[in-house]
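Student: sequence-free structure coming up:
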(Lines give C-alpha, C1' and ligand atoms only; values in the text may rest on other atoms or scores of the structure.)
Protein backbone atom coordinates (compact mmCIF):
# COMPACT_ATOMS: atom_id res chain seq x y z
CA UNK A 1 0.00 0.00 0.00
CA UNK A 2 2.78 2.43 0.96
CA UNK A 3 6.34 2.37 -0.33
CA UNK A 4 9.20 4.73 0.47
CA UNK A 5 12.36 4.10 -1.54
CA UNK A 6 15.74 5.70 -0.86
CA UNK A 7 14.23 8.84 0.64
CA UNK A 8 16.41 11.86 1.39
CA UNK A 9 14.92 15.03 2.87
CA UNK A 10 15.40 17.75 5.46
CA UNK A 11 14.63 21.30 6.50
CA UNK A 12 16.09 24.05 4.34
CA UNK A 13 19.77 23.29 3.76
CA UNK A 14 19.91 20.76 6.60
CA UNK A 15 19.57 17.14 5.55
CA UNK A 16 18.02 14.78 8.10
CA UNK A 17 17.15 11.73 6.01
CA UNK A 18 19.75 10.18 3.73
CA UNK A 19 18.49 6.73 2.74
CA UNK A 20 15.14 5.68 4.17
CA UNK A 21 13.12 2.83 2.70
CA UNK A 22 10.05 1.04 4.04
CA UNK A 23 7.01 -0.82 2.79
CA UNK A 24 3.57 -1.48 4.25
CA UNK A 25 1.16 -3.95 2.72
CA UNK A 26 -2.59 -3.55 2.97
CA UNK A 27 -3.82 -4.69 6.38
CA UNK A 28 -0.33 -4.68 7.86
CA UNK A 29 1.04 -2.76 10.82
CA UNK A 30 4.58 -1.48 10.29
CA UNK A 31 6.68 0.20 12.94
CA UNK A 32 9.41 2.83 12.77
CA UNK A 33 11.96 2.60 15.58
CA UNK A 34 15.07 4.40 16.71
CA UNK A 35 16.38 6.75 19.33
CA UNK A 36 15.39 10.42 19.41
CA UNK A 37 16.92 12.45 16.62
CA UNK A 38 17.30 9.54 14.19
CA UNK A 39 14.69 10.84 11.72
CA UNK A 40 11.43 9.10 12.63
CA UNK A 41 9.25 12.21 12.78
CA UNK A 42 11.02 13.68 9.75
CA UNK A 43 10.11 10.51 7.84
CA UNK A 44 6.45 11.06 8.75
CA UNK A 45 6.63 14.74 7.78
CA UNK A 46 8.24 13.77 4.48
CA UNK A 47 5.43 11.32 3.79
CA UNK A 48 3.02 14.25 4.12
CA UNK A 49 5.14 16.58 1.97
CA UNK A 50 6.24 18.77 4.88
CA UNK A 51 10.01 18.73 4.34
CA UNK A 52 12.36 20.16 1.71
CA UNK A 53 14.64 18.72 -0.92
CA UNK A 54 12.85 15.39 -1.08
CA UNK A 55 14.65 12.82 -3.23
CA UNK A 56 13.69 9.21 -3.81
CA UNK A 57 10.14 7.98 -4.37
CA UNK A 58 6.99 7.73 -2.27
CA UNK A 59 3.99 5.83 -3.61
CA UNK A 60 0.60 5.04 -2.11
CA UNK A 61 -1.65 2.40 -3.66
CA UNK A 62 0.67 2.36 -6.64
CA UNK A 63 0.49 6.10 -7.35
CA UNK A 64 3.24 8.63 -6.67
CA UNK A 65 2.83 11.18 -3.88
CA UNK A 66 5.82 13.21 -5.06
CA UNK A 67 5.08 16.92 -5.31
CA UNK A 68 1.60 16.58 -3.81
CA UNK A 69 0.57 19.19 -1.18
CA UNK A 70 -0.21 17.87 2.32
CA UNK A 71 -3.98 18.28 2.01
CA UNK A 72 -4.03 16.23 -1.19
CA UNK A 73 -2.00 13.49 0.47
CA UNK A 74 -4.46 13.43 3.38
CA UNK A 75 -7.35 13.25 0.94
CA UNK A 76 -5.86 10.08 -0.50
CA UNK A 77 -6.79 8.41 2.79
CA UNK A 78 -3.70 8.86 4.97
CA UNK A 79 -4.47 10.11 8.48
CA UNK A 80 -1.89 11.38 10.97
CA UNK A 81 -1.94 11.27 14.76
CA UNK A 82 0.87 13.80 15.27
CA UNK A 83 3.44 13.97 18.02
CA UNK A 84 2.05 16.42 20.58
CA UNK A 85 -1.61 15.57 19.72
CA UNK A 86 -2.53 19.06 18.41
CA UNK A 87 -6.22 18.76 19.23
CA UNK A 88 -8.41 21.89 19.23
CA UNK A 89 -8.38 23.03 22.89
CA UNK A 90 -11.43 25.33 22.65
CA UNK A 91 -13.67 22.72 21.00
CA UNK A 92 -15.46 19.97 22.89
CA UNK A 93 -14.58 16.32 22.41
CA UNK A 94 -17.54 15.86 20.06
CA UNK A 95 -16.70 19.02 18.12
CA UNK A 96 -13.09 17.92 17.71
CA UNK A 97 -14.25 14.61 16.25
CA UNK A 98 -16.95 16.04 14.00
CA UNK A 99 -14.53 18.67 12.65
CA UNK A 100 -12.54 16.02 10.77
CA UNK A 101 -15.42 13.80 9.69
CA UNK A 102 -15.48 12.85 6.01
CA UNK A 103 -18.91 11.23 6.21
CA UNK A 104 -21.19 11.66 3.23
CA UNK A 105 -24.25 12.41 5.37
CA UNK A 106 -25.38 12.92 8.96
CA UNK A 107 -26.27 9.27 9.46
CA UNK A 108 -22.77 8.13 8.43
CA UNK A 109 -21.17 10.78 10.61
CA UNK A 110 -23.19 9.69 13.64
CA UNK A 111 -22.33 6.05 12.99
CA UNK A 112 -18.62 6.84 12.80
CA UNK A 113 -18.82 9.02 15.91
CA UNK A 114 -20.51 6.21 17.82
CA UNK A 115 -17.79 3.78 16.70
CA UNK A 116 -15.04 6.07 18.01
CA UNK A 117 -16.88 6.55 21.30
CA UNK A 118 -17.15 2.78 21.66
CA UNK A 119 -13.43 2.40 21.11
CA UNK A 120 -12.71 5.09 23.70
CA UNK A 121 -15.33 5.05 26.48
CA UNK A 122 -13.41 7.84 28.26
CA UNK A 123 -14.20 10.13 25.36
CA UNK A 124 -17.87 9.21 25.52
CA UNK A 125 -17.90 10.20 29.19
CA UNK A 126 -16.28 13.56 28.35
CA UNK A 127 -17.99 14.31 25.07
CA UNK A 128 -19.03 17.81 26.21
CA UNK A 129 -15.66 18.75 27.75
CA UNK A 130 -13.31 21.13 25.94
CA UNK A 131 -10.18 19.49 24.56
CA UNK A 132 -7.86 21.73 26.55
CA UNK A 133 -9.32 20.41 29.81
CA UNK A 134 -8.58 16.76 29.05
CA UNK A 135 -5.62 14.90 30.49
CA UNK A 136 -2.69 14.13 28.20
CA UNK A 137 -3.86 10.55 27.76
CA UNK A 138 -7.40 11.63 26.94
CA UNK A 139 -6.06 14.12 24.40
CA UNK A 140 -4.11 11.32 22.74
CA UNK A 141 -7.26 9.21 22.56
CA UNK A 142 -9.03 12.21 21.03
CA UNK A 143 -6.23 12.67 18.48
CA UNK A 144 -6.54 9.02 17.45
CA UNK A 145 -10.32 9.28 17.33
CA UNK A 146 -10.10 12.42 15.21
CA UNK A 147 -7.90 10.57 12.70
CA UNK A 148 -10.32 7.65 12.62
CA UNK A 149 -13.20 10.01 11.80
CA UNK A 150 -11.61 10.49 8.37
CA UNK A 151 -12.09 6.75 7.69
CA UNK A 152 -8.43 6.37 6.74
CA UNK A 153 -6.88 3.73 4.52
CA UNK A 154 -3.58 4.24 6.36
CA UNK A 155 -3.28 5.43 9.97
CA UNK A 156 0.05 6.99 10.97
CA UNK A 157 0.79 7.39 14.70
CA UNK A 158 3.83 9.42 15.73
CA UNK A 159 4.83 8.58 19.34
CA UNK A 160 1.63 6.65 19.98
CA UNK A 161 1.98 6.38 23.79
CA UNK A 162 4.97 8.61 24.63
CA UNK A 163 4.82 10.07 28.15
CA UNK A 164 1.45 8.57 29.05
CA UNK A 165 0.48 6.79 32.25
CA UNK A 166 0.66 2.98 32.08
CA UNK A 167 -3.12 2.54 32.36
CA UNK A 168 -3.66 4.89 29.41
CA UNK A 169 -0.96 3.19 27.37
CA UNK A 170 -2.68 -0.16 27.90
CA UNK A 171 -6.00 1.29 26.70
CA UNK A 172 -4.43 2.73 23.56
CA UNK A 173 -2.57 -0.50 22.72
CA UNK A 174 -5.83 -2.39 23.23
CA UNK A 175 -7.54 -0.10 20.72
CA UNK A 176 -4.70 -0.58 18.23
CA UNK A 177 -5.08 -4.35 18.68
CA UNK A 178 -8.78 -4.00 17.85
CA UNK A 179 -8.08 -1.84 14.81
CA UNK A 180 -5.60 -4.39 13.49
CA UNK A 181 -8.22 -7.10 13.84
CA UNK A 182 -10.51 -5.05 11.59
CA UNK A 183 -7.81 -4.91 8.90
CA UNK A 184 -6.58 -1.38 9.52
CA UNK A 185 -3.24 -0.56 7.87
CA UNK A 186 -0.96 1.47 10.13
CA UNK A 187 2.51 2.91 10.60
CA UNK A 188 3.32 3.22 14.31
CA UNK A 189 6.20 5.07 15.96
CA UNK A 190 6.77 4.27 19.62
CA UNK A 191 9.40 3.01 22.04
CA UNK A 192 7.37 0.24 23.68
CA UNK A 193 8.86 -2.87 22.10
CA UNK A 194 6.58 -5.48 23.66
CA UNK A 195 3.26 -4.16 22.27
CA UNK A 196 4.95 -3.17 18.99
CA UNK A 197 6.17 -6.75 18.55
CA UNK A 198 2.68 -8.01 19.28
CA UNK A 199 0.86 -5.89 16.68
CA UNK A 200 3.67 -5.22 14.19
CA UNK A 201 4.13 -7.25 11.01
CA UNK A 202 7.29 -5.49 9.90
CA UNK A 203 9.72 -3.30 11.81
CA UNK A 204 12.17 -0.65 10.56
CA UNK A 205 15.00 0.88 12.58
CA UNK A 206 16.44 4.27 11.68
CA UNK A 207 19.99 5.20 12.61
CA UNK A 208 21.18 8.70 11.72
CA UNK A 209 18.59 9.15 9.00
CA UNK A 210 19.08 5.78 7.34
CA UNK A 211 17.13 2.53 7.40
CA UNK A 212 19.62 0.37 9.27
CA UNK A 213 17.47 -2.73 9.76
CA UNK A 214 14.19 -4.24 8.65
CA UNK A 215 12.73 -7.45 10.02
CA UNK A 216 10.03 -9.31 11.91
CA UNK A 217 8.95 -9.47 15.53
CA UNK A 218 10.89 -12.65 16.31
CA UNK A 219 14.18 -10.91 15.61
CA UNK A 220 13.18 -7.73 17.40
CA UNK A 221 12.19 -9.65 20.52
CA UNK A 222 15.59 -11.37 20.71
CA UNK A 223 17.76 -9.32 23.13
CA UNK A 224 20.92 -10.52 21.35
CA UNK A 225 19.78 -9.60 17.84
CA UNK A 226 21.27 -7.00 15.54
CA UNK A 227 18.05 -5.02 15.87
CA UNK A 228 18.37 -4.66 19.62
CA UNK A 229 22.03 -3.69 19.26
CA UNK A 230 21.07 -0.94 16.83
CA UNK A 231 18.40 0.38 19.19
CA UNK A 232 21.06 0.65 21.89
CA UNK A 233 23.33 2.86 19.74
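Tutor: Thanks, I have it. Predicted model only: the values in this text are computed from it and were never measured.

Student: For this protein, give me the ranges with low pLDDT.
Tutor: 233 (pLDDT under 70).

Student: Mind jotting down where the strands sit in it?
Tutor: For the chain, strands defined by DSSP state E occupy the ranges 2-11, 14-24, 29-33, 52-60, 63-64, 78-81, 154-157, 185-189, 202-207, 210-215.

Student: which parts of stretch 10-24 are buried?
Tutor: 10, 15-20, 22, 24 (16 or more other Cβ atoms under 10 Å). For every residue, glycine as well, the C-beta is placed using N, CA and C.

Student: Which members of the residues you listed define the maximum pairwise distance?
Tutor: For those, with distances taken as Cβ to Cβ, the pair at the greatest spread is 15 and 24 (24.3 Å).

Student: what's the closest of the strands of the chain to residue 46?
Tutor: Closest among these, using Cβ to Cβ: strand 2-11, at 4.4 Å.

Student: Could you list the paired strands of that closest one along with their orientation?
Tutor: strand 14-24 (antiparallel), strand 52-60 (antiparallel) (DSSP bridges).

Student: so which of those comes closest to residue 122?
Tutor: Closest among these, using Cβ to Cβ: strand 14-24, at 28.9 Å.

Student: just how off-centre is that closest one within its chain?
Tutor: Relative to the centre of its chain, strand 14-24 is centred 16 Å away, using Cα atoms, centre = their mean, to the nearest Å.

Student: Repeat that for stretch 149-164.
Tutor: 4 Å.
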